[in-house]
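> based on what follows, work out the 3D shape:
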Amino acid sequence: MSSLPPLLPRLPLRPANLYLLLSYALLSCMPFAGHLLGGQGQPDSPWQLLGAGLFSWIAAWALCKRPAWFHWALLPAFLALPTELYLLLYYGQGISTHHLGVIAETSPSEALEFLGGKAWLLGAVLLGVLLWFGSTWVVAWRSRDFDWNDRSRWVVLGVLAACAAVLAYGQAVGVAQSRTPASASSPAASAGSWPALPAWARPPVDLALFAHSWPFGLAARGLDFYKERVYLAELNRRSAAFRFHARQSGEAHGPQVFVVVLGESSRFDRWSLNGYARETNPLLAQEANLVMLKDVITPVSATRLSVPVIISRKPAMQSLKDGFSEKSFLSAFKEAGFKTFWISNQVSFGKFDTPVSVFAQEADEVQFLNLGDTSGASNHDAVLLDPLRRALADPAQKVLVVLHTLGSHWNYAHRYPKEFDRWLPSLRALDKPDYTNPRIEPEMNNSYDSAILYTDWFLSHVIGVLKESGLPASMLYVADHGQTLYDKSCKIAFHGHNTQYEFHVPAFVWYSNSYGERFPGKIAQLQRHRQARLSTENMFHTLLDMADIRYPDERLAWSFVNPAFQRHKRYVDSYGWTDYDDAKMRGDCREVIANGKPLKRY
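Numbers count the residues shown, from 1 in each chain. Prediction:
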């Protein structure tokens, strides 16, 4: 063999050689499997994906000289094949950092319970995959037709070394934004440091795209997972020594259940319980012991920033900062003798999710059940109901359960089953809809309302499960933020803006008859303050007060089930920290504008 290009044509076309090559080709085509098998659409940048995969094969071959020496490194890819195919077919995405977290946090018994009768099928598939891996390794080991012995291998190794050096340099000093001389040099370069990598030398494939290639891209996903676990451990370490010194007051409390439902992207004025013309809450409207809270705002319209304010004592005006030195109400309940559960239909890891996962890890039992993602296809929130039933059946009988839902998160049409697609036309008729396109405003609004209708069904069933338990129970529901939806002449949608539609969120408390009999004073205060001006900052203090949990530095003035309740200033992140109750709402977007100068973010 004199050079690399003519190598494959000179390979003897023995059946064993073809079998090995076809096996490697099948592994490389995994990113396209969902599309080819009639699942979700094909991946973005398909040619770059194929190029990244081919480059990886050549690199592995050049470094190891023959496939037999790198074939064992492919074992994780073979074992991941069934999972990757399942996720691509039903959720339109492959294994992610989140899925690796789910696998790491799922015990064998939980996995068997989830699989049910499919466990034997999975076992048979894994056995078949192992036989496939073993047979290809035998071919790679016995065949010497793939040995790369000529000087072209050294040329390729030199090219790989140069590429690695350029990549490392770009990672260390950055890449210029354009090819113009003025912008090709960074400020750091003028100060005597190394110049930025020229724009023309930018690698055609970034690490994120390489991570979606197969099979070697799985290593990048594993590295991301490892980094997330290290980051999560560091955040947990910061608050490890914190204690509330919480306990339940008075005489010994009997069995009781508290459920907190964290809603997602739910808008106050789209609930018929709050006056919306469409009947989006037909089931909740029938609940006698349900108290709507009419004036609750969230200080910031992003999940990763708003949820910590709901579940901990993190002040609103610190919500933009990463981390918090205290723990959440999960730990306070644990100190008071409750068994705690965090059951989530969101994802566990990622730039937008890890800060919430830090608090979730405080629970005695943690389950992340979403096998899709938050924007595309995913499990519906009904997946949380069976784990809730199991939590309520726990022998502890003093239980706190947090249900973190996907609620009305974009894509709205993926948040509910087909039978809830009530208002048409909907987003279900559109392939890859873009929420920045105002032309799809009717479809967006119709699907959004259908998602609220499904939330009504889900929350009604949560209440049903609590009733079935027969235990004194209460439930607090609050959304993390709302949505802007091209209202009238408003030209924006989604969230992350400064609108009243995103800050004003739906919230309510439901309680069982036995809970009401045990705590009549708390129910009276709840009814009294149903119209009060509240913030998500009130939720931590109220929930502990509802459970009669006391702690040394408690703030009963922030509990709306307590006679000591007092209003406090409600700040929202709108061009700085704006006093929501001393602001004006501008235009059809209802943009929150301060009367005067907002406080600086810090």
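> any idea how far the spatially most central residue of the chain lies from Glu264?
Central residue of the chain (C-alpha atoms, centre = their mean): Val347, 2.9 Å from the mean position. Using C-beta to C-beta, to the nearest Å, Val347 is found at 12 Å from Glu264. (Glycine included, C-beta is placed from N, CA and C.)
> where do the helices of the stretch 201-350 of the chain begin and end?
207-211, 217-238, 303-311, 329-335 (DSSP state H, counting those that start in this stretch).
> do the stretch 501-602 of the chain as well
Going by DSSP H, counting those that start in this stretch, the stretch 501-602 of the chain shows helices at 513-518, 520-528, 538-546.
> just put the ones you listed in a markdown table and tack on mean neighbour count, mean pLDDT and distance to Gly217.
Compiled in a markdown table, the helices of the stretch 501-602 of the chain are given as follows (neighbours: other C-beta atoms under 10 Å; pLDDT from 0 to 100; distance: least, C-beta to C-beta, whole Å):
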| stretch | mean neighbour count | mean pLDDT | distance to Gly217 |
| --- | --- | --- | --- |
| helix 513-518 | 16 | 95 | 51 |
| helix 520-528 | 16 | 98 | 52 |
| helix 538-546 | 24 | 98 | 41 |
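> follow-up on the earlier one: for Val129, find the nearest of the helices of the stretch 201-350 of the chain.
For Val129, the closest of the helices of the stretch 201-350 of the chain is helix 217-238, at 14.4 Å, according to C-beta to C-beta.
> the closest residue to Ile452 other than its chain neighbours - how many residues pack around it?
Excluding the flanking residues, the one nearest Ile452 by C-beta to C-beta, 6 or more residues apart in numbering is Thr280, at 4.3 Å. The number of residues packed near Thr280 is 24, by other C-beta atoms under 10 Å.
> just the pLDDT for Thr280.
Reported pLDDT at Thr280 in the predicted model: 98.
> coming back round to it: distance to Phe565 for the helices of the stretch 501-602 of the chain - can I get that in a markdown table?
Shown next, in a markdown table, are the helices of the stretch 501-602 of the chain (distance: least, C-beta to C-beta, whole Å):
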| stretch | distance to Phe565 |
| --- | --- |
| helix 513-518 | 19 |
| helix 520-528 | 7 |
| helix 538-546 | 8 |
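> any idea which of those gets closest to Leu87?
Closest among the helices of the stretch 501-602 of the chain, using C-beta to C-beta: helix 538-546, at 34.1 Å.
> thinking again about what came up before, distance to His529, mean pLDDT and mean neighbour count added to the helices of the stretch 201-350 of the chain, as a markdown table?
A markdown table is the format used below for the helices of the stretch 201-350 of the chain (distance: least, C-beta to C-beta, whole Å; pLDDT from 0 to 100; neighbours: other C-beta atoms under 10 Å):
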| stretch | distance to His529 | mean pLDDT | mean neighbour count |
| --- | --- | --- | --- |
| helix 207-211 | 47 | 77 | 17 |
| helix 217-238 | 34 | 77 | 16 |
| helix 303-311 | 18 | 92 | 25 |
| helix 329-335 | 19 | 97 | 23 |
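> could the ones you listed be laid out in TSV, adding distance to Ala165?
Formatted as TSV, these follow (distance: least, C-beta to C-beta, whole Å):
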stretch	distance to Ala165
helix 207-211	16
helix 217-238	19
helix 303-311	36
helix 329-335	48
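> surely the residue nearest to the centre of the chain meets Leu371?
No - taking contacts as C-beta atoms under 8 Å, Val347 lies outside contact range of Leu371: 9.6 Å.
> distance of the closest residue in space to Ile523 that isn't next to it in sequence from Gly174?
If the residues on either side of it in the chain are set aside, Ile523 comes closest to Gly516, at 5.0 Å by C-beta to C-beta, 6+ apart. Relative to Gly174, Gly516 is positioned 61 Å away (C-beta to C-beta).
> and Val366, which helix or strand is it part of?
Assessed by DSSP states H and E, Val366 sits inside strand 365-368.
> ok, that strand: who's next to it in the sheet?
strand 339-344 (parallel) (DSSP bridges).
> who's in contact with the strand it pairs with?
330, 333-334, 360-370, 384, 387-388, 391, 394, 396, 398-404 (C-beta atoms under 8 Å, 6 or more residues apart in numbering).
> among those residues, name the buried ones.
Neighbour-count burial (16 or more other C-beta atoms under 10 Å) applied to the contacts of strand 339-344 gives 330, 333-334, 360, 362-370, 384, 387-388, 391, 398-404.
> how much space separates Phe225 from Pro425?
Taken as C-beta to C-beta, the span from Phe225 to Pro425 is 40 Å.
> again with Leu100
Counting by C-beta to C-beta, the gap from Leu100 to Pro425 is 38 Å.
> who's more crowded, these two?
Per other C-beta under 10 Å, whichever of Leu100 and Pro425 has more neighbours is Leu100, with 21 against 13.
> about what we covered before: would you check that the residue nearest to Ile523 makes contact with Leu290?
No - counting by C-beta under 8 Å, Gly516 sits too far from Leu290 to count as a contact (11.9 Å).
> just the CA trace of stretch 586-601, in CSV.
Written as CSV, here are the backbone C-alpha positions of stretch 586-601 (Å, rounded to 0.1, in the frame of the first residue of the first chain):
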residue,chain,number,x,y,z
ARG,A,586,-46.0,50.4,28.4
GLY,A,587,-47.8,49.4,25.2
ASP,A,588,-49.4,46.2,24.1
CYS,A,589,-46.4,44.3,25.3
ARG,A,590,-47.2,45.6,28.8
GLU,A,591,-43.5,46.3,29.3
VAL,A,592,-42.7,47.1,33.0
ILE,A,593,-41.2,50.5,33.2
ALA,A,594,-40.0,52.1,36.5
ASN,A,595,-41.3,55.4,37.6
GLY,A,596,-37.9,56.9,38.2
LYS,A,597,-34.5,55.1,37.9
PRO,A,598,-34.4,51.3,38.6
LEU,A,599,-32.0,50.0,41.1
LYS,A,600,-28.7,48.7,39.6
ARG,A,601,-28.3,45.0,39.2
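> what bits of the stretch 1-150 of the chain have low per-residue confidence?
Within the stretch 1-150 of the chain, the stretches with pLDDT under 70 are 1-13, 34-35, 37-44, 90-93, 97-99, 101-119.
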